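Student: quick one, what's the 3D model for this:
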Amino acid sequence: MAWHHDKHGRHAILSPATLENATRDPSDQSVERTFLHIDMDAFFASVEIRDNPHLEGRPVAVGGSSGNRGVITAANYEARKYGLGAGMTAVEARKRCPNVIFMPTRGPKYTYVSALIMAALEKFSPDVKPLSVDEASLEITGCLKLYKSAVELGSDVKKTIKERFNLPCTVGIGPNRLVAKMAANLGKPDGLMIIKTDEVAEIFAPLSVRKMIGIGKATEAALDRIGIRTLGQLAAAPDALLKSRFGILGPVMSKLARGEWSGRMKKDDDRDFCEKSMGHQRTYGEPLSNPEDMRAKLVALSEMVARRVRRAKMVGRVLTLTIRYTTFETISHQVRLPFVTDDEEHLIKYAWRLLSEALEEGKQVRLLGLSLGVLSDKEKDDRQLDLFLSKEKLKRECLYSALDNIRDRLGERVIARAMGRRWEPYDSRQSRGDPLNPLIRGPAGVQVVADNAV
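Tutor: From the prediction side, this is the model:
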């Protein structure tokens with residue numbers, strides 16, 4: 001048996017089964033469940049500052065570039081004082097904070113650090129639910145028996161993350177996952193906040209509705225039009241009123257405002273694989289105004305989406321195009337395909353059709369996105385093959401298989417359609433890797449496949 005050594009002595013590592021049994025007697029309703037939410041503070045920027053100590057105390061933005069191109073994906077708290085945040089263009093960031101330091105985005109590094117942090121959290125609970133690369137939710141009901149209080153456990157989590165990874169984090173503790181996350185949001189940065197059951201109403205009531213998870217600008221404006229501006233007002237609003245304005249989501253928002261969480265997070269072993277959609281989107285440093293340039297970008301996106309769907313051995317039925325203009329107005333337009341597919345030729349054809357229907361003339365585009373939804377297992381596709389097209393379909397599948405293998409080994413841009421214009425050399429500061437697997441890096445050289453090759 002493996003043993004764990006710490007300041008308390010030597011003891012056997014608690015297994016998930018042991019902790020689950022120690023949590024509570026199912027018939028004992030007096031035991032209140034307790035959850036801990038951990039949120040890494042400005043995660044991407046904090047990792048860069050940790051690895052580059054001279055950046056400490058200076059405004060740092062991850063993403064964008066010193067050449068005023070692209071958008072930033074994260075900003076540290078020094079930069080946030082100037083109003084910088086994720087999604088802001090590098091041009092706007094530099095206007096607001098001329099001395100901001102741009103760092104390149106290093107996705108594989110952040111993913112690796114995140115995996116180490118999630119593994120470290122298993123010391124505190126067998127029930128660790130990663131919610132994103134920088135957030136996780138833990139049920140700590142049974143684990144509290146090992147500590148004097150929930151605050152002591154939360155302090156130990158923060159201390160462990162700081163000592164092992166030299167990164168700041170905020171911890172929130174509450175009677176359900178929603179309240180724990182809200183506590184973490186309110187405790188930022190580098191804080192520890194606990195909200196007990198009898199404190200939820202008092203703490204939530206004066207907060208703006210925008211503070212609630214899932215309520216954005218549009219919903220905030222809609223609530224304001226009916227006189228609801230705080231969570232206390234939302235919690236007290238009649239369900240009939242909310243349902244008449246927001247449908248079935250209205251009463252749900254009211255429950256959330258009262259700190260009630262009825263959701264259930266399935267264990268990984270119980271969860272069926274059910275990817276709703278797969279897609280890619282790109283924000284462009286130079287706005288697009290020429291429809292032909294946009295069509296070229298959609299060719300590249302179609303190739304990437306189709307390759308990702310094929311890798312998962314899925315097929316999809318609904319194609320969705322997302323367009324964001326330089327005014328930050330965002331629209332989506334979709335079409336239900338006449339058949340399920342993983343063929344990029346079909347995606348290109350219908351993506352162009354969606355673009356022609358949705359594009360507003362004279363507006364500049366800063367983002368294009370394409371996704372394929374209503375996915376199903378390709379092996380369960382029992383459609384009857386067309387007698388005259390089955391041979392052509394088989395040839396295309398063989399071609400795509402060969403192309404995917406080449407890209408897996410040598411990089412995304414090593415072979416591509418000419419229309420997609422992805423043969424253009426990368427800037428020396430950009431990654432040449434595979435966007436589906438950033439750990440794969442390809443050579444500088446590229447090959448071009450003619451548009452009619454498939």
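Student: what count of nearby residues applies to residue 367?
Tutor: 19 (other CB atoms under 10 Å). All C-beta spots, glycine's among them, are computed from the backbone N, C-alpha and C.
Student: ok, residue 314 - contacts?
Tutor: 275, 278, 342, 375, 376, 377, 378 (CB atoms under 8 Å, 6 or more residues apart in numbering).
Student: centroid residue for this structure?
Tutor: In the chain, the residue lying closest to the centroid (CA atoms, centre = their mean) is residue 132, at 6.0 Å.
Student: relative to residue 46, how far out is it?
Tutor: Residue 132 sits 15 Å away from residue 46, going by CB to CB, to the nearest Å.
Student: quick one: secondary structure of residue 72?
Tutor: strand (DSSP: H, G, I helix; E, B strand; the rest coil).
Student: after the helix or strand bottoming out on mean pLDDT in the chain, which helix or strand is next?
Tutor: Least confident helix or strand of the chain, by mean pLDDT, DSSP states H and E, is helix 16-23 with a mean of 36. Downstream of helix 16-23, the first helix or strand assigned by DSSP states H and E is strand 35-40.
Student: off-centre distance for that following strand?
Tutor: 16 Å (CA atoms, centre = their mean, to the nearest Å).
Student: how about stretch 293-303: buried residues?
Tutor: 294, 295, 296, 297, 298, 299, 300, 301, 302, 303 (16 or more other CB atoms under 10 Å).
Student: average model confidence for that stretch?
Tutor: For stretch 293-303, mean pLDDT rounds to 91.
Student: stretch 333-352 now?
Tutor: 90.
Student: over to stretch 398-415?
Tutor: According to the model, stretch 398-415 has a mean pLDDT of 77.
Student: can you check stretch 219-235 too?
Tutor: In the prediction, stretch 219-235 has an average pLDDT of 92.
Student: identify all contacting residues around it.
Tutor: Against stretch 219-235 from outside (CB under 8 Å, 6+ apart): 201, 204-212, 215, 237, 241, 245-246, 253-254, 257-258.
Student: give me that answer again for 7 Å
Tutor: With contact meaning CB atoms under 7 Å, 6 or more residues apart in numbering, stretch 219-235 is reached by 204-212, 237, 241, 245, 253-254, 257-258.
Student: in it, what's buried?
Tutor: For stretch 219-235, by 16+ other CB under 10 Å, it's 219, 220, 223, 228, 230, 231, 232, 234, 235.
Student: name the element the last one belongs to?
Tutor: Residue 235 belongs to helix 231-236 when elements are defined using DSSP H and E.
Student: the first one now?
Tutor: Element membership of residue 219 [criterion: DSSP H and E] is helix 217-225.
Student: so which residues of the stretch 351-454 of the chain form strands?
Tutor: Taking DSSP state E, counting those that start in this stretch, the strands of the stretch 351-454 of the chain run over residues 365-373, 376-377, 415-417, 433-434, 437-441, 447-449.
Student: so which strand or helix has residue 179?
Tutor: Using DSSP H and E, the element containing residue 179 is helix 177-187.
Student: chain center to the helix or strand just after that helix, what's the gap?
Tutor: Using DSSP H and E, the helix or strand that directly follows helix 177-187 along the chain is strand 192-194. Distance of strand 192-194 from the chain centroid (CA atoms, centre = their mean) equals 25 Å.
Student: what is strand 192-194 packed up against?
Tutor: If contacts are counted by 3 or more CB pairs under 7 Å, 6 or more residues apart in numbering; DSSP states H and E, strand 192-194 sits against helix 150-165, strand 169-174, helix 177-187.
Student: the closest residue to residue 74 other than its chain neighbours: neighbour count?
Tutor: In this structure, residue 74 finds its nearest non-sequential neighbour in residue 44, 3.8 Å apart by CB to CB, 6 or more residues apart in numbering. Residue 44 has 27 neighbours, counted by other CB under 10 Å.
Student: which residues are in contact with residue 44?
Tutor: If you count contacts by CB under 7 Å, 6+ apart, residue 44 has them with 62, 73, 74, 110.
Student: quick one on the thing from earlier: pick out the most distant pair among the buried residues of stretch 219-235.
Tutor: Largest separation among these by CB to CB: 219 and 232, giving 16.7 Å.
Student: quick one: contacts for the closest residue to residue 52 other than its chain neighbours?
Tutor: With CB to CB, 6+ apart as the criterion, residue 52 has its nearest non-adjacent residue at 7.7 Å, and that residue is residue 103. By CB under 7 Å, 6+ apart, the contact list for residue 103 reads 48, 60, 62.
Student: now with 8 Å?
Tutor: Residue 103 neighbours (CB under 8 Å, 6+ apart): 45, 48, 52, 55, 60, 61, 62.
Student: circling back to that earlier point, quick check, nearest of the buried residues of stretch 219-235 to residue 163?
Tutor: The closest of the buried residues of stretch 219-235, once distances to residue 163 are taken by CB to CB, is residue 231, at 36.1 Å.
Student: residue 78: which of the buried residues of stretch 219-235 is nearest?
Tutor: Set against residue 78, the nearest of the buried residues of stretch 219-235 by CB to CB is residue 220 (27.6 Å).
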